[in-house]
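Chemist: need a structure here:
(2 chains)
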Number of protein chains: 2
Amino acid sequence: MTSQTNPVLLDGKTLAAKIRGELKDRSIKLQKEKGKRPVLATILVGADPASATYVKMKGKACESCEMDSKKVELPDTTTTEQLLAVIDELNADDTIDGILLQHPVPSQIDERLCFDRILPEKDVDGVTTVGFGRISFGLPAYASCTPAGIMRLLAEYNIPLQGKRAVVVGRSAILGRPLAALLLEANATVTVCHSRTTNLPDVVREGDLVFACVGKPNFIKGDWLKEGVVLVDAGYNEGNVGDADYESCYPKSSFITPVPGGVGPMTIAMLLSHTVAEAERKVSAR
Amino acid sequence: MTSQTNPVLLDGKTLAAKIRGELKDRSIKLQKEKGKRPVLATILVGADPASATYVKMKGKACESCEMDSKKVELPDTTTTEQLLAVIDELNADDTIDGILLQHPVPSQIDERLCFDRILPEKDVDGVTTVGFGRISFGLPAYASCTPAGIMRLLAEYNIPLQGKRAVVVGRSAILGRPLAALLLEANATVTVCHSRTTNLPDVVREGDLVFACVGKPNFIKGDWLKEGVVLVDAGYNEGNVGDADYESCYPKSSFITPVPGGVGPMTIAMLLSHTVAEAERKVSAR
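Modeler: This next block holds a predicted model:
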């Protein structure tokens, strides 16, 4: 099949806005009917400007959906024990629905230990080991937000996954691996590639769907792609550049995510969505 | 490459015997020097004869390695709560190093909940969700025993994995999925196939290594295989028949596991190995 027409853009910006509108309605309803306003706690350790920007963005996103955010800011010198104590406090605080620990934390902190201290039900960012295991086994849990957003975006465009070849390039704990698990749950035949993969272009060419999750600008080239591929670019590099070389990939694709405005906006939408879902779950479990 | 010579047999029987000999020595040493004898607790629920046989076999294997087994047998009518209470007791018992809950349990029991009640450090059978997550993230944990045994067998024969195409056929929680995670950690390029995979023979043909984990006798055929493939058959069906059609697969392989005597003996060896390792860890942590 040749793509003589232009590919369909997987418009995450519009979808995320729609989702956020629905979340705002649910949040207002929850507050009206049950007196509960969803609250996301964000933890920022240190003064990394990019991290500070991300946390601020997430806080504003909460506001825009009639949710609260509780910002915890800790100094660069925070120890693992101190961070664990903060997480314990937020775990125990019944007003808090979700906890987001902004990655990365300063190097003296055992980040994995701290992530895994977050209660599974408050792990709305999908970073815990047990949450990953539950997602992998098809059990209820909040999936890592970017993979969750990608799945939601594919579903919105009714892109079939069952029996399709899905090639995931990248294997990080918050992106490539959980995405592979979700695609497998959706009955795709999943291949995970990475820096040690040999003949990467040939492997990528097997994909009916290709997921660029490497964190290297313009890494995936158009001539690595099967004609008519569904190309999802989860990369976001300096200068609004994705992990796929958009110009050469565009003509080979039947569906493609723009960067920006594809996967990016979906990540925060999923974070908010998980937080509202947890607030609703908590209220209904009372 | 054509296989003009016969393939090398991946002799799990001999390797497992060697490992068990080493475990026996370690177990005796631990007892002599630290007064600690490794103990595996086995839980059998109901009267399934196959399960009873497996549990008995595991108990005898413990004895042969100078380890103890503590057998817990529960009636067919056991509830989830009763089984959880038994697991809690074994978790709290400092003399118990590992806990094996024999699968399957009667249908009224929430098996996943019970598996996940086992303390991670006592999960020597590698069945917990958190253990799976830790293995997937490259963190210390006891991997599911059959995948762990397969990795050990490949290592024994110095079979390279990095950059190789590994095709796992099957995606169960105790075999296909954790095996895929271990192969990915070993830097293979991993594809997971399953019942919904289309053109399965073509996908299997991509594998430098193929892992048959489907539980269907003689399912994988020789003409699905690349010449010179490493074929690992984790199947064990009635009549000592594996998941791969041995006769047609043999001439295509450079390495192949016999059935029986390939993967099978490695599973129990890994269970014992994890139990001894946990006993040693516990003693050294005192």
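Chemist: what about stretch A:73-89, near chain B?
Modeler: No. Against chain B, stretch A:73-89 shows no contacts by Cβ under 8 Å from any Cβ of the partner chain, the least distance being 15.6 Å. Heads up, the C-betas are built off the backbone N, CA and C, glycines and all.
Chemist: which parts of that stretch are buried?
Modeler: A:Leu74, A:Thr78, A:Leu83, A:Val86, A:Ile87 (16 or more other Cβ atoms under 10 Å in any protein chain shown).
Chemist: Just say helix, strand or coil for the last one.
Modeler: In this case it means A:Ile87. Secondary structure assignment for A:Ile87 (DSSP: H, G, I helix; E, B strand; the rest coil): helix.
Chemist: Please name the nearest non-neighbouring residue to it.
Modeler: Sequence neighbours aside, A:Arg117 is the residue nearest to A:Ile87 in space, at 4.6 Å (criterion: Cβ to Cβ, 6 or more residues apart in numbering or on different chains).
Chemist: From chain B, how far out is the closest residue to A:Met67 other than its chain neighbours?
Modeler: The shortest distance from A:Met67 to any non-neighbouring residue, by Cβ to Cβ, 6+ apart, is to A:Pro38 (4.4 Å). For A:Pro38, the distance to chain B (Cβ to the nearest Cβ, to the nearest Å) stands at 26 Å.
Chemist: A:Pro38: neighbour count?
Modeler: 30 (other Cβ atoms under 10 Å in any protein chain shown).
Chemist: Kindly report the same for the one 3 residues further on.
Modeler: The number of residues packed around A:Ala41, counting by other Cβ under 10 Å, is 26.
Chemist: before we move on, what about the one 4 residues further on?
Modeler: Residue crowding around A:Val45 was assessed by other Cβ under 10 Å; the count is 25.
Chemist: ok, now which ones touch it?
Modeler: A:Leu74, A:Pro75, A:Asp76, A:Thr78, A:Leu83, A:Leu101, A:Gln102, A:Val105, A:Pro106, A:Ile109 (Cβ atoms under 8 Å, 6 or more residues apart in numbering or on different chains).
Chemist: who's it bridged to?
Modeler: Beta-bridge pairing of A:Val45 under DSSP bridges involves A:Leu74.
Chemist: where do the helices sit along the stretch 101-250 of chain A?
Modeler: For the stretch 101-250 of chain A, the helices defined by DSSP state H, counting those that start in this stretch cover A:111-117, A:129-136, A:145-156, A:176-185, A:200-204, A:246-249.
Chemist: Nearest to B:Ala285, out of these?
Modeler: Nearest of the helices of the stretch 101-250 of chain A to B:Ala285, taken as Cβ to Cβ: helix A:111-117 at 17.1 Å.
Chemist: Name the nearest residue to A:Gly149, sequence neighbours excluded.
Modeler: A:Met266 (2.8 Å).
Chemist: who's in contact with the one you found?
Modeler: For A:Met266, counting by Cβ under 8 Å, 6+ apart, the contacting residues are A:Gly12, A:Leu15, A:Ala16, A:Cys145, A:Thr146, A:Ala148, A:Gly149, A:Ile150, A:Arg152, A:Leu153.
Chemist: mind checking how far the residue nearest to A:Gly126 when sequence neighbours are not counted is from A:Thr267?
Modeler: Nearest non-adjacent residue to A:Gly126, counting by Cβ to Cβ, 6+ apart: A:Ser144, 3.6 Å away. A:Ser144 sits 9 Å away from A:Thr267, going by Cβ to Cβ, to the nearest Å.
Chemist: These two: who's more crowded?
Modeler: More crowded of A:Ser144 and A:Thr267, by other Cβ under 10 Å: A:Ser144, with 29 against 24.
Chemist: The more buried one contacts A:Val124, correct?
Modeler: No. With contact defined as Cβ atoms under 8 Å, A:Ser144 does not count as touching A:Val124 (10.5 Å).
Chemist: Ignoring the adjacent residues along the chain, who's closest to the most centrally placed residue in chain A?
Modeler: By Cα atoms, centre = their mean, chain A has its centre lying nearest to A:Thr146, at 1.5 Å. The shortest distance from A:Thr146 to any non-neighbouring residue, by Cβ to Cβ, 6+ apart, is to A:Thr267 (4.7 Å).
Chemist: hang on, that neighbour is in a helix, isn't it?
Modeler: Yes. Applying three-state DSSP, one finds A:Thr267 inside a helix.
Chemist: measure it to B:Leu272 for me?
Modeler: 45 Å.
Chemist: same question, A:Asn199
Modeler: 40 Å.
Chemist: do the same with A:Leu90
Modeler: A:Leu90 is 42 Å from B:Leu272, by Cβ to Cβ.
Chemist: Can you pick out the residue with more neighbours from the two?
Modeler: B:Leu272 (26 against 23).
Chemist: That one contacts B:Asp68, doesn't it?
Modeler: No. Taking contacts as Cβ under 8 Å, B:Leu272 lies outside contact range of B:Asp68: 11.7 Å.
Chemist: Can you pull the residues that touch both of the two?
Modeler: Common contacts of B:Leu272 and B:Asp68 (Cβ under 8 Å, 6+ apart): B:Leu40, B:Cys62.
Chemist: who in chain A is up against chain B?
Modeler: Counting by Cβ under 8 Å from any Cβ, chain A sits next to chain B at A:112, A:128-134, A:136-137, A:139, A:162-165, A:171, A:173, A:177, A:184, A:187, A:189-194, A:196-198, A:203, A:206.
Chemist: which residues of the stretch 151-286 of chain A score low on pLDDT?
Modeler: Residues of the stretch 151-286 of chain A meeting the criterion pLDDT under 70: none.
Chemist: Also the stretch 1-150 of chain A?
Modeler: For the stretch 1-150 of chain A (pLDDT under 70), the answer is A:1-4.
Chemist: For stretch A:159-175, measure first residue to last.
Modeler: 20 Å (Cα to Cα, to the nearest Å).
Chemist: Show me which positions of that stretch end up buried.
Modeler: A:159, A:161, A:163-175.
Chemist: again with stretch A:208-227
Modeler: In stretch A:208-227, counting by 16+ other Cβ under 10 Å, buried: A:208-214, A:217-220, A:222, A:224-226.
Chemist: Strands - which of the residues you listed land there?
Modeler: A:Leu209, A:Val210, A:Phe211, A:Ala212 (DSSP state E).
Chemist: could I get the residues you listed as JSON lines with distance to A:Lys24?
Modeler: Listed next are these as JSON lines, based on distance: Cβ to Cβ, whole Å:
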{"residue": "A:Leu209", "distance to A:Lys24": "31"}
{"residue": "A:Val210", "distance to A:Lys24": "34"}
{"residue": "A:Phe211", "distance to A:Lys24": "30"}
{"residue": "A:Ala212", "distance to A:Lys24": "31"}
